[in-house]
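what's the 3D shape of this:
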Amino acid sequence: MAYGELVEFNRYCEAVQIPQGNRTMIPKGSKGRIVQSLGGSHTLSMDDGSMVRIAGEDLDAIGKEKAVLPPKLEEKIHGAESPLEEKVWSELKTCYDPEIPINIVDLGLVYECKLTPSSEGGGSMDVNVKMTLTAPGCGMGEVLKRDAEQKIQRLPGVKRVQVDLVWEPAWDQSKMSDAAKLKLGLL
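Here you go, the predicted structure:
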């Protein structure tokens with residue numbers, strides 16, 4: 001998939017407006033350019049000047065292969081020996097801000113990840129993540145939260161997932177990894 005590639009919608013498609021976070025329907029025949037394709041979702045700059053995020057399962061609407069996610073990831077993807085917490089962090093690293101080509105972990109948006117034994121037993125775990133956004137008014141919070149929850153829930157051994165958006169401490173660039181800062185030209 002080439003960045004800047006012009007695409008045309010071959011059917012109506014649900015999308016999320018960026019940065020507002022509102023759901024919208026893109027009409028068949030609408031055109032846009034791919035500006036980011038990370039974590040299974042795609043950000044498009046539309047001909048009308050707006051930006052939208054298209055979920056992986058809707059990529060066929062722009063003539064691309066759908067990103068089909070299995071209900072539960074196979075152990076071979078992460079390695080059977082990897083601790084569950086490591087697998088959760090790996091999944092969080094596949095969640096991207098639709099405007100910034102850096103995952104939410106390297107952006108410093110994830111403040112905490114706790115695993116606790118599920119009350120239902122059976123060796124499964126409940127996962128609680130506390131994360132923030134680069135700005136409190138960002139409309140993409142629920143979208144990023146849902147993306148993280150869905151990806152973590154697919155992991156074997158996970159019973160429940162809860163992602164909470166928190167505002168303290170306030171996010172700033174110092175929370176970013178050095179790799180993220182380098183990629184954005186801040187180092």
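
Each with direction, which strands does whichever strand or helix holds residue 129 pair with?
Secondary structure assignment for residue 129, by DSSP states H and E: strand 125-131. In the sheet containing strand 125-131, its partner strands are strand 110-117 (antiparallel), strand 158-165 (parallel), by DSSP bridges.

Redo those as TSV? Include mean pLDDT and distance to residue 35.
Any C-beta I mention is one placed from the backbone N, CA and C, and that applies to glycine too. Formatted as TSV, the entries for the strands paired with strand 125-131 read as follows, by pLDDT from 0 to 100; distance: least, C-beta to C-beta, whole Å:
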stretch	mean pLDDT	distance to residue 35
strand 110-117	96	24
strand 158-165	96	25
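
Columns mean neighbour count and distance to residue 52 on top of these, output as TSV?
As requested, these are arranged in TSV below (neighbours: other C-beta atoms under 10 Å; distance: least, C-beta to C-beta, whole Å):
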stretch	mean neighbour count	distance to residue 52
strand 110-117	15	25
strand 158-165	17	22
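
mind checking which of those is nearest residue 8?
Each of the strands paired with strand 125-131 was scored for nearness to residue 8 using C-beta to C-beta, and the closest is strand 158-165 (34.3 Å).

what residues does that closest one touch?
For strand 158-165, contacts defined as C-beta atoms under 8 Å, 6 or more residues apart in numbering pick out 84, 88, 118, 120, 122, 124-133, 141, 145, 148-149, 152-153.

and residue 142, what is it in contact with?
Residues near residue 142 by C-beta under 8 Å, 6+ apart: residue 21.

Break down this structure into its helices, ranges please.
Listed from the start of the chain, the chain has helices (DSSP state H) covering 75-78, 84-92, 141-153, 178-183.

Which of the ones you listed sits closest to residue 9?
Between residue 9 and the helices of the chain, the tightest spacing by C-beta to C-beta is seen for helix 141-153, at 19.6 Å.

For that closest one, C-alpha coordinates in PDB please.
Coordinates of the C-alpha atoms in helix 141-153 are reproduced here as PDB (Å, rounded to 0.1, in the frame of the first residue of the first chain):
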ATOM      1  CA  GLY A 141      -9.900   8.700  22.800                       C
ATOM      2  CA  GLU A 142     -12.800   6.200  22.500                       C
ATOM      3  CA  VAL A 143     -11.500   4.900  19.200                       C
ATOM      4  CA  LEU A 144      -8.000   4.300  20.600                       C
ATOM      5  CA  LYS A 145      -9.500   2.800  23.800                       C
ATOM      6  CA  ARG A 146     -11.700   0.400  21.800                       C
ATOM      7  CA  ASP A 147      -8.800  -0.600  19.500                       C
ATOM      8  CA  ALA A 148      -6.700  -1.500  22.500                       C
ATOM      9  CA  GLU A 149      -9.500  -3.400  24.200                       C
ATOM     10  CA  GLN A 150     -10.200  -5.500  21.100                       C
ATOM     11  CA  LYS A 151      -6.600  -6.400  20.500                       C
ATOM     12  CA  ILE A 152      -5.900  -7.400  24.100                       C
ATOM     13  CA  GLN A 153      -9.100  -9.400  24.300                       C
END
